[in-house]
Every structure is written in C-alpha cells, then in structure tokens.
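Asks: Got a predicted structure here, sequence first:
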Amino acid sequence: PRLLLAMPVIDSIICMVTGIIRAKRKDFPGHRDAMIRCFIYSIEGAGTIRTVATVQACLGLGPTDCQILWNGLSANCMYSYTWRLIITRYLSMSYLGLYTVHRNNKNYTRTFFIEFLWFSLIAVCLLNTRRMTSIDMLFQLYPTLAIPPVLTILTLARIVIVKESALQG
C-alpha cells in the first residue's frame, strides 16, 4: 500500500512540472493535458478516495469493517486497504479516460492505454496476498535499498508516459 500512497504525489508533481514547462514553451494543448492530469491525480487523496470508501462502506468491504472484525488490528486488513487504493486509481483513470475520449487524439489515447496497462501491472502484483505481503516486508526490512529504486522506476515511467503524450498524433 505504501507504493500506492506515493503514486498520486509523484504523478501530481511530474504532471505539474510538465504543465509549467509546456506553458513556457507556448504548448497550450500540452499544458492543458498535463494540468488536467495533475488535477485528477492531486484530488485522488481527497474526493476520489472518499467516493470509493463510501461504496466500500455501503458494501461492508472496507478496511473499517475489517478492523471491527479484528478488534481494531489493522495489520490483518491491509488487503482491503490495498483494494481501496487500487479502485481509487482506477476511478481516477476513468476520469482521465473521459477526458481522453473528449481529447480525440490518437497519440494521447495511446498514451492513456500505456498508462492504464502500466498501472494494471502494478495492481496485479499487489492483488495476490502473499506477493503484497512480501513487497510490504521488503519495504519495511530494507527501506534504503527498496524504496529509492522503486520510486526511481515509477518516476521514470511516469516521465516517459507524460512525455509521450506531448508528441503530436
């Protein structure tokens, strides 16, 4: 889950910097694209996650319901919290998908699908309980060895995805 918590922050910063660079270069459509991405990712920790939390609460599938079953022990509820973060990102991507359809640009659409596949690959790695626990233990036991390479790879992948969307389609 820590990886999923860091993604909106990284994505927002990269999109904001990209938007500023594109505005300075007078690339106004690129600036708009980057700033819309920045907005969508930056509100992920506010409204989007609350939407998902409300749905989970109505269905009785959220981390709070799990903690009630385990007398407040959250260690056993990491799986439901991971689901919340994954669904939150997919909801954000659906907002971005609506903008992509509106944008009607082949290159921008291709970039959206690359991003969608990239996040789906991350989600698949975290949906298996054993894999998710192993990844989490790796981050806890060796934070100085595990966190920098993962954040570097995520940041570079994000930069490539955002840069790809700047190409004319």
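Replies: Okay, I see it.

Asks: which SS class is the residue lying farthest from the centre of the chain?
Replies: Here the chain reaches farthest from its C-alpha mean at Asn71, the gap being 30.1 Å by Cα atoms, centre = their mean. Under DSSP: H, G, I helix; E, B strand; the rest coil, the three-state class of Asn71 is coil.

Asks: Check Lys26 too.
Replies: Under three-state DSSP, Lys26 comes out as coil.

Asks: Can you report phi and psi for it?
Replies: phi 60, psi 30 (degrees, to the nearest 10).

Asks: Show me what the helix ranked longest in the chain packs onto, helices and strands only.
Replies: Ordering each helix of the chain by length in residues (DSSP state H) puts helix 78-103 first. The elements that helix 78-103 packs onto, with contact taken as 3 or more Cβ pairs under 8 Å, 6 or more residues apart in numbering; DSSP states H and E, are helix 2-24, helix 28-42, helix 47-59, helix 63-69, helix 106-127, helix 129-141. (Glycine included, C-beta is placed from N, CA and C.)

Asks: Helix or strand with the lowest mean pLDDT in the chain?
Replies: helix 129-141 (a mean of 71; mean pLDDT, DSSP states H and E).

Asks: if we can go back for a sec, where's the residue farthest from the centre of the chain relative to Arg89, distance?
Replies: Separation of Asn71 from Arg89 (Cβ to Cβ, to the nearest Å): 30 Å.

Asks: any low-confidence regions in this structure?
Replies: For the chain, the stretches with pLDDT under 70 are 1, 129, 132-133, 136, 162-169.

Asks: Enumerate every residue touching Thr64.
Replies: Residues near Thr64 by Cβ atoms under 8 Å, 6 or more residues apart in numbering: Ala57.

Asks: Sorry, wrong one. I was asking about Gln67.
Replies: Contacts of Gln67 (Cβ under 8 Å, 6+ apart): Leu73, Ser74, Cys77.
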